[in-house]
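1. fold the following and give me the result.
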Amino acid sequence: MPHRVFLLSPANCNGIRAKQALSPRAQFALALALRSAGGAPLGDLFSFVSGLYFRGKLTYARRFAQPPELDNPIVGGGVHVITPTAGLRSPDTLITQAAVRGFARVDVDPDNVRYRRPLEASARALAAEIGPDCDVVLLGSVASPKYVTVLTRIFGERLKFPVSFVGRGDMSRGGLLLRHARDGVELEYVPVLGAVLHGARPPKLPPIKWPLRL
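-> Model prediction:
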């Protein structure tokens with residue numbers, strides 16, 4: 001089986017859900033963890049903020065990642081989350097309220113050096129560790145330049161995405177990823193470079209008749 005790592009696009013930390021998690025009055029587990037000295041896992045925060053879409057990306061990536069070295073501290077489990085200020089990070093990275101507020105202040109734009117430079121540095125470090133034969137799959141928007149402008153310069157034709165993402169909205173993508181993670185059926189990937197990135201909206205997915213949580 002070929003080696004494969006996943007890059008997950010970030011959640012928006014400027015929205016209502018992020019403000020709920022940061023509220024000093026909030027008493028749910030994630031909010032309490034963010035206010036603690038230890039912090040909360042990055043993947044838990046983005047799953048709360050983004051809901052179905054990020055949860056689908058994270059569940060799918062953990063199900064199908066095939067990193068070349070499980071004990072490599074840079075490659076880790078093969079799942080890496082793009083952040084607005086700290087480049088690529090493991091979804092298990094512990095973050096505090098200060099980090100979340102920092103994310104909210106920085107535009108995810110390739111022209112913004114506060115976002116671009118950490119992403120470039122961590123992506124180059126990852127590329128060096130995984131070697132030339134490991135695929136890199138982006139689970140996020142490829143129709144805008146905010147991720148692909150930086151990542152294609154580093155990974156080139158190895159940067160791929162699920163072709164079935166074309167034409168789908170975020171919620172549809174999240175549901176699709178959860179279905180495939182549950183069924184153990186991996187999606188087809190194609191290189192970002194040269195791909196058709198826009199297309200007609202596919203038919204709606206049938207209703208889910210089983211629990212989404214895996």
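
2. ranges for the strands of the chain?
-> 4-8, 40-41, 79-82, 88-89, 94-95, 135-139, 159-162, 189-191 (DSSP state E).

3. between these, which gets nearest to residue 104?
-> When the strands of the chain are compared by CB to CB, strand 94-95 sits nearest residue 104, at 12.2 Å. The way it works is simple: take the backbone N, C-alpha and C, and place the C-beta from them, glycine included.

4. strand partners of the closest one, parallel vs antiparallel please.
-> For strand 94-95, the paired strands and their directions (DSSP bridges) are strand 40-41 (antiparallel).

5. point out the most buried one among the strands of the chain.
-> Of all the strands of the chain, strand 79-82 carries the top mean neighbour count, a mean of 26, counting by mean count of other CB atoms under 10 Å.

6. check the contact between residue 63 and residue 183; I expect there is one.
-> No. Using CB atoms under 8 Å, residue 63 is not in contact with residue 183; the gap is 9.8 Å.

7. tell me which of these two has more neighbours.
-> residue 63 (18 against 9; other CB atoms under 10 Å).

8. so what pLDDT did the residue in the chain sticking out farthest from the centre get?
-> What lies farthest from the middle of the chain is residue 25; by CA atoms, centre = their mean that is 28.6 Å. At residue 25, the predicted lDDT confidence score is 95.

9. low pLDDT regions in the protein?
-> 1, 195-214 (pLDDT under 70).

10. looking at it, which helix is longest?
-> Counting residues, the longest helix found in the chain (DSSP state H) is helix 113-130.

11. quick check: angle from that one to strand 4-8?
-> 170 degrees (axes from the mean of the first three to the mean of the last three CA atoms, to 10 degrees).
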